[in-house]
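> Sequence and computational prediction follow.
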Amino acid sequence: MLAFTIRRLSQSVVVLFVMSIIVFAGVYAIGNPVDILINPEADIAEQEETIRRLGLDKPIWTQYGLFLANALQGDLGNSFVHNLPALDIIFQRLPATLELAFLAVGLAVVFGVPLGMLAGLKPDSVVGRVIMTGSILGFSLPTFWVGLMLIMLFSVNMGWLPASGRGETVDLFGIPVSFLTLDGLSHLFLPAFNLALFKMSLVIRLARSGTREVLLQDYIKFARAKGVSDARIIGVHVLKNIMIPVVTVLGLELGSVIAFAVVTETVFAWPGIGKLLIDSISHLDRPVVVAYLLLTVTMFIVINFVVDILYSILDPRVRLGGAN
Amino acid sequence: MAAAVQDDGINPWRTFASDFAEKKLAVLGLIVFVALIAAAIFAPWITPQNPYDLNQIDFLDGRLEPGSVGSQITYWLGTDDQGRDLLSGIFYGLRTSLAVGAASTLIALVLGGALGLFAAYFGGRVDTLIMRIADLQLSFPAILIALILVSALGQGVDKVIISLVAVQWAYYARTIRGTALVERRKEYVEAATCLAISHRRIVFKHLMPNCTPPLIVVGTVQVAHAISLEATLSFLGIGVPITEPSLGLLIKNGFDYMLSGDYWVSFYPGLALLITIVSINLVGDQLRDVLNPRLKK
Amino acid sequence: MTQTVPTLQVENLQTQFFTKAGAVTAVNDVSFTVNRGEVLGLVGESGSGKSVTGFSILGLVDQPGRVTGGKILFKGEDLTQYTEKQYKQLRGSRISMVFQDPMMTLNPVLRIDTQMVEAIRAHENVSKAEALQRARDALGQVGIPSPEERLKSYPHQFSGGMRQRVAFAIALLNKPDLIIADEPTTALDVTIQAQILYETQKLCRETGTSLVWITHDLTVVAGLADTVCVMYAGKVVESGKVDDVLDNPKHPYTEGLIGSVPSRNKRGQPLTQIPGMTPSLFNLPKGCSFRERCQYASDACQQAPSISKCEDGRLVRCHRVEEALSHV
Amino acid sequence: ETLTMGMASEASSIDPHYHNLSPNNALRRHMFESLTNQDETQQLGPLLAESWKPISETAWEFNLRKGVKFHDGSDFTALDVVYSACRVPNVPNSPSNFVSFTSAISDFEIKDDHTLIVHTSEPTPLLPTYFANWGILSATANGVSGDIKYDKENCGLDAFPSTVDFNNGSASIGTGPYKFKEFVKGDRFVMEANANYWGGKPEWDEVIQKPITNAAARMAALLAGDVDFVDNPPTQDLAELKENPKFDVSQGLSNRVIYLHMDQFGPSTFGVKGTGKPDAQYEGEGPCATEACEKNPFLDVRVRQALSKAINRDAIVEKIMGGVAVPAGELLPQGFFGTNPGAKHEAYDPDGAKKLLAEAGYPNGFELVLGTPNDRYINDAKIAQVIAQMFTRIGVKTTVNAMTKSVFFKTRNTYEFSIYLAGWGAGTGEMSNPLRALVGTRNKETGLGGTNRGRYSNPSLDEKILTALATVDDAKREEILRTASREAMEDYSILPLHFEVTSWAHRKGLSHKARADQYTLATGVHKAN
Amino acid sequence: MSNQEQNSPVLEIRSLSKKFVKPLDFAGKIAQKLGSNIREEVVHAVDGVSLHVNKGEVVSLVGESGCGKSTLGRMVAGIMPPTSGEILYKGQNIASLTGEDAREVALKVQMIFQDPFASLNPRLRVRDIIGEAPLVHKLTTAAEQDDYLDDVMLRCGLDPSYKRRYPHQFSGGQRQRLGIARALAVQPDFIVCDEAVAALDVSIQAQILNLFIKLREDLDLTYLFISHDLGVVEHISDRIVIMYLGRVVESAPTEELFAKPNHPYTQALLREIPRLDARHADFTPIEGEIPSPLDPPQGCHFHPRCPFATDRCRQEVPQLKSVAPGHMSACHLNEG
Ligand SMILES: Nc1ncnc2c1ncn2[C@@H]1O[C@H](COP(=O)(O)OP(=O)(O)OP(=O)(O)O)[C@@H](O)[C@H]1O
Ligand SMILES: Nc1ncnc2c1ncn2[C@@H]1O[C@H](COP(=O)(O)OP(=O)(O)OP(=O)(O)O)[C@@H](O)[C@H]1O
Ligand SMILES: [Mg+2]
Ligand SMILES: [Mg+2]
């Protein structure tokens, strides 16, 4: 366990370091933020002055060195656009994205696991086929397209659910959340569903193939030979086994849910970090982009760590610590 | 250990084909997919219009309804805002989408496959290094990497392909390494070693063919993924250039008109994208089932 | 000899699999009897239908298979008439089963106590503590040291032999009348196999539990079983007392099988070998299915032989025996 | 009553001096008023200053409004103006500050609480217009009460409120009709009515502005009733909206011109093919400095004219802009200060264009890459594609290179386009503004050519612009500007395409007056009855 | 079975060892320094084994699962390099050979594997499986390959017309014949059979065993026969070597071993093999499990299960010593 933690920590440091260089250089390569930020009416002298003021006249390695020195002290720089600490801006937006991501993953599990198990138990039945065909659709449809269709259908044509924004929020432990108000929930549903669809299909598939494989195992037959009821076999023996891949994959996918929130948030104008990223990229707001990515990497590292621990809890065969 | 006495002519391909044909939906998917590929390849010869030739299109024909008769041809699926025949546009868009999907997948597959095989067979530091890089890249969602890369590299079909390769290669490296590690321990590799057959021959003649089935499955599904990812990037406005629109870009361009009732500009490309991805996934799905020995009785 | 009801009496059992390629008769006209406290050895080569026979008795034949004929009389009751619900009552309480692969028979993600307790509570409404106590006793019974701690372990913390003993302990939990053991020692080492055989033998002798021991290893049958039943291509070709069958096989297949077993007296000499290979159930030869590999095959063998009963109570399915008997 | 508005873009900060950017400037006007005001048509009028007049070539006197109170209840005086001017250059990290509006000021002289003399270093005719562009903060609310000695540094003050203080509302104290209530970046900005507003209680109790950047989503939000009002509805939806009985549209000609700029710098230019070897060596920045580029055709005015003639501006306005634009013949719409009355846009004449090309030595045309952003101006990339079609018709085979604005501006600023499409909104609303920025020769000293990325250079034009900029007499200035504008157009220094007509859409029951500066103001939205 | 050549060993192994080490990585080392109880995992799969096989002899290696039989076999067949010790083929140290010589020796020692499914490459046709090596090593030419293969296949009881088939079209017994044919195709002298019949049905097993016996006579082969089935071993071998947890505990000619087993482990093993003629046996097992090779007991590896274990057995590793002519055993009890 100790070795595992050390290994993870040292890997994380390397990952963060490498990512910071890549991202820093990448955003640098895109362009000069002053070109976008400055008022076009500014004359040449003013443009140069602004570049100097923002420290963009220095060579990139100097800029990176400054960034790194500050970053080590927990300061990832100020947003060029908003003149606020990049981390503050992100943390302000983070709850919205996390709320969306967790709800999406929740939906994916709550619907995906039972449907997948059903399809796995009856692979050749009509129900099984319908579920699988549905999951192929869910798997295939690009997120943005589904989002657009959802808006078309539920917001514009039917007028049932709002098309954009976050709606009313209430504070829960000082963090604004939407899911506690009806209005917030109505805003949350479409984007969450949009985001969940892909993962749900993934869970359905995992659960189905897991179920099919587990059902073929001797221990299931042995359990039946013991006289254990079908409900218990499915609910305990099968479920516990398929939850291992489901939890592992979903844990890792939580990262990609957060990443894909970029698309969903753009479509639904959801005020989360994904939209912030897109805006920041288009404004070349480098501090925010770098901070966003470093924060996400950190988040993924933490998620991976938790997933591994969870995995070792779910699957007693796994022992943390052994190399690889 | 069923009957061994079978026709001499029977080869694994035929069994494979008949296994595959068991699911009608998959066969349908395959037919559609092949048809789409043909449509994409032969687009210049079968489309009524070349939507890239500015002399052939007239923006005064912009946003005509499906079935409208234009100055030269009938626009069966209508036109977009530039006066391009949408049917032709979709064929050409399909060309771009499929080309991007296939090219990126192929390059990534060869690159990732080679690296993975290399890592698995030689192990040690090479393995550690390659796999750490792959982990690094896999710990990051594809969309984010692609987003940053395309932003950094700029627009262009080639740039999109590069970034799609960058996000995909690690899957293949992982997949093939996993399989190769299993295969490498199998006794037939030991037998080959024992017969003093060279490393190169073992890797390429013995190991590689046995590692490819999962790669094919992953590859097929990845083509669909790549197409979808490219569409998403284009939707976010940082994919292929507007002069060579992929299906994703056609959707994006048309979406502005969706609410104003000119649904066809976005809808038909969307439909085409959908059919493409679904058909590929149907094929990939069945491949997975057919090539998965564990589900075989 | 007092007339008691045999623990298990299988009569003309037939089990078929309805696959896409057609119906396969995996078990074809199988009959045998197991009395109380008796050990029946069910031998045959791979694919001969041993396991399917076992599963048929427990009503656990996999899709797309099912029992299509015959009777399975368990203490006089015909199990083929049982509903699924009745079967559930029966499985694990009055008939238990142990499988071949000890690494696969226990659910890897559940603790041993969970897997044992559920087996008890599936049949009896007892408290958890009581169930645990019984589980502990059962582990002790099969010779597992410090059962208290072992209960809290996961299967992967056991060696193969230990797991197989746990499987036996689970089979014993509800004091069944019959245990069906499907090649439980095949995957184990000699010394470990000996341990299991020892425990099993002891248990049967002590508790009077009947045992059907499925194996392809004639030598194990020789040491353990009272009666033996030899299967070939889904059919019983010969059955009787162990000593009779092994010392004086009447069916050519049994004879070949015994000849195939390497043993001291034939050192360095070629073994008697049965030519050819086990036929596929999909295209069995017409008539006697052993015909093509049989050195004594005659035209008569174009017709499927029926079972004939010899003077020592032995049942043999062979035209030669039939003829010999009819000449008497 | 609450007004909910769906906004195409979000202010980057509440700080009135942080970022000279349309959304910020529009937002600022709700809370922080300026001395002078530009109305819907950019006509200058009084606001916190009731009147003003030049008292010499380099001094102006402003009479300030009496009885005006800040949101915190303190009185508005001349000191607040000086204090605010002091803060303008002191906004750390500002990506684009307001110094250009205050840099002309050399000193303030407070005659009394409500009379202020402003001295400038040079004659500055546009000073009152400049004063419409920066908001007034309260000196007392920020802890400054004594005299302030104005200088261009920091007036001896050691601390100013930070951007953060404005964003959280603590420093957001102005004299405007609305008060800061809540700011959740990316989600909403909420203002409430200032009950003590000097101009009377505002119409809305509460105003919520929600940024919805995606046009379709913004539209959907309006249709779904999530918002009462949106700016920049997609042009293609306007016809539909106008017919819909539940919604109304307001439109107004903006001061923004969409134009094509051509590289007129060196003998060769990047991205042009088929023109042959350049006549001379290229000297200067840009890709042609290092690569072999072909001859620059844009140095020939006949080519520039041919391209202008090839463009069917009416058709673009009609088909692409959905009628909501006006073809442009100058850099500012008719009626703005310095425009030539009756100036016409270039007529569509493909045959004439071909002839001109042939005359210029390109009978078979040449190949061109047209650069354009795809997310900056209304239908930018679409217009570019149509123009490509039109150019191709006269034999100039044109490929469109469309890109996101960040990449576009970077590429443009490194002179990698031989021709590009962009837009210009004249903040001051008079001709000196676009001429100075777009066609004046790039020169740090004169301040001309800030956005002249075609590097067009015409000394006689430069001179006219500079003279106009220093002429305080309005009539004289206008005359100079008209001549200058005519000269720029006749030389085809730049090809204006059209003026954007800005649109707003709202539910029935509201009324809205369109603004030429494209600002979206809650104060411009009224209840219909 | 004795002839004059018997005294010259074809193969000699001198204190051969194989360790599998899973080293600690960087993080593991730090953790260890910080007091975590992790350590390198070392499996001493083969521990100082010496033995020799004479020409024409069949030597069997017997032992329970995990005792290192296959590892030893692999090292002999050149699939795996030893950690220490020497393998001499006809007196030459294999490790010292290079180039052509090394290849020649490598081909002379072939191996036949346990799993008839995994040991054949599923994607190659029979002609490639058997024919690749002879062609690569120029034992035949492309033109003569067909005849060459026919010959080998017939010898192994395979119908040459099956050349174009894939492995999955064969039964287990046939596959094992394919494996044998593959080995024979490079004209070896010495064959390592690793549990070559363990996965087969009894009747098929008999066929393959008979094939082994026949081939040995026809081609003058020498076998190292690895098995855990004492019945098979007894039937086929001239000499038996018993292994326990990586070490040889006893080696003796077959008759001698079965008649007078010396090592307690051998005795127990012999007692416990079920036999056809032992009816209604009373099984009396050795207590305990085979210890984990990761963590083998001190001294004599067998001592925890040995009914006669003494303190010395718990501490000192017994050496393999001669107890009778040609009969070696590693047990302290022999020394009184
Ligand atoms: N699920 C199934 N579907 C189709 N056929 C089956 C199925 N299960 C078993 N069979 C067929 O039934 C026959 C008998 O199988 P069974 O498992 O009883 O053999 P066995 O004697 O136990 O062999 P082994 O020694 O390999 O365990 C086999 O030939 C097999 O083809
Ligand atoms: N490649 C390897 N890496 C690590 N450990 C190994 C490796 N190969 C074998 N071992 C270990 O070495 C020991 C001996 O293995 P080996 O395969 O030689 O045993 P065996 O006697 O052939 O057993 P079996 O009868 O099960 O085949 C085992 O504990 C095994 O876990
Ligand atoms: Mg079986
Ligand atoms: Mg082995």
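The structure has been received and is ready for your questions. Ligands and ions are numbered 1, 2, ... in the order given.

> all contacts plus neighbour counts: C-alpha atoms, from now on.
OK.

> So the residue lying closest to D:Leu260 once chain neighbours are set aside: helix, strand or coil?
In space, and not counting its chain neighbours, D:Leu260 is closest to D:Leu421: 4.6 Å by CA to CA, 6 or more residues apart in numbering or on different chains. For D:Leu421, the assignment made with DSSP: H, G, I helix; E, B strand; the rest coil gives strand.

> State the distance from C:Gly44 to E:Asp201.
9 Å (CA to CA, to the nearest Å).

> among the helices and strands of chain E, which has the poorest mean pLDDT?
Between all helices and strands in chain E, the lowest mean by mean pLDDT, DSSP states H and E belongs to helix E:26-33, at a mean of 75.

> And the strands in chain A, which stretches?
Counting by DSSP state E, residue ranges of the strands within chain A are A:170-172, A:175-177.

> partners of the last one, with directions?
With DSSP bridges as the criterion, the sheet partners recorded for strand A:175-177 are strand A:170-172 (antiparallel).

> and the partner strand, how far from the chain's centre?
Averaging C-alpha positions (CA atoms, centre = their mean, to the nearest Å) puts strand A:170-172 22 Å from its chain's average.

> averaged over its residues, what pLDDT does it have?
Regarding strand A:170-172, the rounded mean pLDDT is 73.

> Go through it and flag the buried ones.
By neighbour count, and taking 16 or more other CA atoms under 10 Å in any protein chain shown as the criterion, strand A:170-172 has no buried residues at all.

> Please apply the same query to stretch A:15-28.
By neighbour count, with 16+ other CA under 10 Å as the criterion, the buried positions of stretch A:15-28 are A:Val15, A:Leu16, A:Met19, A:Ser20, A:Val23, A:Phe24, A:Ala25, A:Gly26, A:Val27, A:Tyr28.

> contacting residues around residue 19?
No chain was given, so I picked chain A. With contacts defined as CA atoms under 8 Å, 6 or more residues apart in numbering or on different chains, A:Met19 is in contact with A:Leu293, A:Leu294.

> hm, I was asking about chain D
Listed by CA under 8 Å, 6+ apart, the contact partners of D:His19 are A:Ile38, D:Ser12, D:Ser13, D:Ser94, D:Pro95, D:Ser96, D:Asn97, D:Phe98.

> Recalculate using a threshold of 7 Å.
With contact taken as CA atoms under 7 Å, 6 or more residues apart in numbering or on different chains, D:His19 is in contact with D:Ser94, D:Pro95, D:Ser96, D:Asn97.

> from memory D:Ser308 sits against D:Leu495, does it?
Yes - between D:Ser308 and D:Leu495 there is a contact at 6.4 Å, judged by CA atoms under 7 Å.

> before we move on, back to that, for burial, what's the neighbour tally of the residue nearest to D:Leu260?
Counted with other CA atoms under 10 Å in any protein chain shown, residues neighbouring D:Leu421 total 25.

> what's the answer for E:Leu294, then?
12.

> and the gap between it and chain D?
Distance of E:Leu294 to chain D, computed by CA to the nearest CA, to the nearest Å: 59 Å.

> residues in contact with that residue?
For E:Leu294, counting by CA under 7 Å, 6+ apart, the contacting residues are E:Glu41, E:Val42, E:Val43.

> all helices of the chain, in order?
Using chain A. Applying DSSP state H to chain A gives helices spanning A:2-30, A:33-37, A:44-53, A:60-72, A:86-121, A:126-140, A:143-150, A:182-215, A:218-225, A:230-232, A:239-268, A:273-282, A:286-314.

> I was after chain B.
Secondary structure of chain B (DSSP H): helices at B:12-20, B:24-41, B:43-46, B:86-122, B:124-138, B:142-153, B:157-184, B:187-194, B:199-201, B:208-235, B:247-258, B:264-291.

> The second one vs chain A: in contact?
Going back to what we said before, that points to helix B:24-41. No - judged by CA under 7 Å from any CA of the partner chain, helix B:24-41 stays clear of chain A, getting no closer than 9.2 Å.
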